[in-house]
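# Output the structure for:
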Amino acid sequence: MNATNINKFSENSKLIEKHWQEWVINSSVDETLTCLNVLSLHGAISYEYLLYALPQTARRNDGRLRNKYLKQYAHIEAGGWWVSGLDPLNNWLPMDWGRFKPDYPRQEWDTNTNTQKSTKKIVKYESPPKTPNRVTYLRVPLHTWQMLARRYNVPMPQDITITEEGEALGFWAWVVAHREIPIILTEGEKKAGCLLTLGFVAIGLPGIWNGRVGKEDFEKLHPDLIPLAQRERKFVILFDYETKSKTKQQIFQATHRTCKTILRQGCQSEVAVLPGPEKGIDDWVLALGKKADNSVTTLIADALTVTDYQKSFFVLPNRGIYKYKPDETVNSRYLSQVISVLPRTGLVGLISDMGTGKTELTFLFGSCLNFTVDLLSYIA
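Next up is the predicted model:
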C-alpha cells in the first residue's frame, strides 16, 4: 500500500482515509481501538490474509494459486479493509482468521450450476474459505478497559502491560475472570467496536447464525464463546433492526436458537431490540450523538427475556388499543420536540417506539408543573 495514502489523522493508523471514515466517523468506533484491529490492504498481500487456510492442493507446484481462486478473488487486489482479533482458544494470541471488506465487492457465485455465472447478490464481506467461521474479540486500549471497569464496578489488575501500538494486554482474560460482566453479541466487527467504545463488552459475530453451531436438534454454543460461558453469565443478543418480514423472521429464528444454546450452558440470555429506523447499533449511536451513551445503557437495561422476546414477536403491537382513537398523532424522533403540553388530570397514554423519550417527557412535565407522575408500563 502506498504510504502517502495512509490516513493522516493517526500515526498508528494502517488505514487509508475512506476506511478510517467508515470505522471512526460513520460507526463511532474509538480511534485507537480501530488502529489496533483494522488495516487497509491492497494488491497481492490481500490474498495472504484472506486465503491463508487454503489447502496445498489450491496451489500449483510453483506455489501460485490456481486459476479458480485467482478468478473468484481477483476483486480483492483492488483494496479493502481487514479486521481480526484475538484467539480465545489459543491464550488470546492474535488470530489468523478475520474478515475482509472489499472496496469493489464481487457477485455471489451460482452454486446450483457447474458454471461460475455470478448471481445478483453482492458479497459485502469475505470470510476465509476452507476454514470454519470464528468470532471476533477485538483488542482494546487502556481507556476503553477503564471505562468498562467503571461501568460494571469491577476492579482492574494492578499492573497492565501496554504495547507500543496501545493495546492493553489481558483484557479478555479479565472479562473471563469476572462473570458478573454481561456480554453483548452483535453481528459485525464495527458494531462490536462501537459498543466497546461506549464501555460495553461486545463480541462480533460474522453472521446472525454464527453464535451457535450444528444442526437444529443438536445445536450448541460456538466454541469461541465457551471460554466466557461461565454459569450465570449474562449474554445479550443485539442484532439489526429490520422491516422486511422475511428478514425479521430469519433474525427471530437465529436469535431464538442462539438464546437456547446459551441457556443450555447454564448462562442467562436476553435480547435487546433496536427501535429503528436506523438499521444497526452503530447507525443508531451515530444518529443519537451525545444522547447515545444514556440511550444504549437504557436499551441494554431494558433487554427482554427470551420468553418476552417470543411474545413481542408474535403479539400485535396495538393489541387491545385499536378501538381507541388517539387525540393526537405526531411523527418525530423525540416526543419532546413536538409535544408542548400534557393533560394535568386523568390517565394519559403514550404509545411510541423505544428511545423516543416517553419517560423523559412525562418527568419533564411533572417537574415543570410540580405534580407527581405515576408511570405504568408494559400494560397489554
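# buried stuff in the host helix or strand of Tyr49?
Secondary-structure assignment from DSSP states H and E places Tyr49 in helix 45-50. Within helix 45-50, the residues that qualify as buried by neighbour count (16 or more other CB atoms under 10 Å) are 46-47, 49-50. Yep, even glycine has a C-beta here, placed from its N, CA and C like the rest.
# mind listing the helices for the stretch 1-150 of the chain?
17-20, 31-37, 45-50, 67-72, 142-152 (DSSP state H, counting those that start in this stretch).
# buried stuff in the longest one?
Buried residues in helix 142-152, counting neighbours by 16+ other CB under 10 Å, are found at 142, 144-145, 147-149.
# related to what we said a few turns ago, check what contacts the helix holding Tyr49 and list those residues.
Taking contacts as CB atoms under 8 Å, 6 or more residues apart in numbering, the residues outside helix 45-50 that touch it are 1, 41, 65, 73, 76-77, 79-80, 82, 98, 100, 126, 128.
# hmm, try it at 6 Å
If you take CB atoms under 6 Å, 6 or more residues apart in numbering as the criterion, helix 45-50 is touched by 76-77, 82, 100, 126, 128.
# Could you identify which of those residues has the most neighbours?
Using other CB atoms under 10 Å as the neighbour test, the contacts of helix 45-50 are led by Ile76, with 27 neighbours.
# got a list of what the closest residue to Asp224 other than its chain neighbours touches?
Among residues not flanking Asp224 along the chain, Val135 sits closest, at 4.4 Å (CB to CB, 6 or more residues apart in numbering). Applying CB under 6 Å, 6+ apart to Val135 gives the contacts 203, 205, 224.
# Spit out the contact partners of Ala78.
Here Ala78 is in contact with 103-104 (CB under 6 Å, 6+ apart).
# Per-residue pLDDT of it, please?
According to the prediction, Ala78 has pLDDT 95.
# could you pull out the strands for the stretch 151-300 of the chain?
183-187, 202-205, 212-213, 220-221, 234-238, 268-271 (DSSP state E, counting those that start in this stretch).
# sorry, back to before: from Asp308, how far off is the residue nearest to Asp224?
Distance from Val135 to Asp308, counting by CB to CB, to the nearest Å: 26 Å.
# In TSV, list the contacts of Val135 along with neighbour count.
Shown next, in TSV, are the contacts of Val135 (neighbours: other CB atoms under 10 Å):
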residue	neighbour count
Ile203	26
Leu205	27
Asp224	24
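# Which one of these is nearest to Pro182?
Among those, Ile203 lies closest to Pro182 (CB to CB), at 11.4 Å.
# how far away is that closest one from Ile226?
According to CB to CB, Ile203 stands 12 Å off from Ile226.
# what's next to the lengthiest helix in the chain, contact-wise?
Ordering each helix of the chain by length in residues (DSSP state H) puts helix 245-264 first. Residues external to helix 245-264 that are found in contact with it (CB under 6 Å, 6+ apart): 208-209, 211-212, 219-221, 235, 237, 239, 242, 269, 271, 306, 313.
# circling back: show me which of the contacts of Val135 is closest to Leu299.
Ile203 (17.3 Å).
# list the contacts for the closest one?
Counting by CB under 6 Å, 6+ apart, Ile203 touches 135, 185, 192.
# Got phi/psi on the first one?
What that stands for is Val135. Dihedral angles phi and psi of Val135 (degrees, to the nearest 10) take the values phi -110, psi 160.
# distance of it from Tyr241?
In terms of CB to CB, Val135 sits 22 Å off from Tyr241.
# cool, the last one as well?
Here Ala192 is placed at a distance of 17 Å from Tyr241 (CB to CB).
# Equivalent analysis for Gly63, please.
Taken as CB to CB, the span from Gly63 to Tyr241 is 46 Å.
# of these two, who's got more company?
Between Gly63 and Tyr241, counted using other CB under 10 Å, the more crowded position is Tyr241 (18 against 7).
# Tell me the spacing between the more buried one and Ala272.
From Tyr241 to Ala272 the distance is 11 Å (CB to CB).
# Next one, pLDDT for Leu225 please.
98.
# Let me see the contact set for it.
By CB under 6 Å, 6+ apart, the contact set of Leu225 is empty.
# Number the chain from 52, please
In the new numbering, first residue 52, that becomes Leu276.
# Any figure for the gap between it and Glu283?
15 Å.
# and what of Gln197?
To Glu283, Gln197 is 25 Å away according to CB to CB.
# what's the answer for Lys311, then?
According to CB to CB, Lys311 and Glu283 sit 17 Å apart.
# Neighbour count: those two, which is higher?
Lys311 (16 against 9).
# JSON lines for the contacts of Val186, including distance to Ile332?
Converted to JSON lines, the contacts of Val186 look like this (distance: CB to CB, whole Å):
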{"residue": "Ile254", "distance to Ile332": "13"}
{"residue": "Leu256", "distance to Ile332": "13"}
{"residue": "Asp275", "distance to Ile332": "21"}
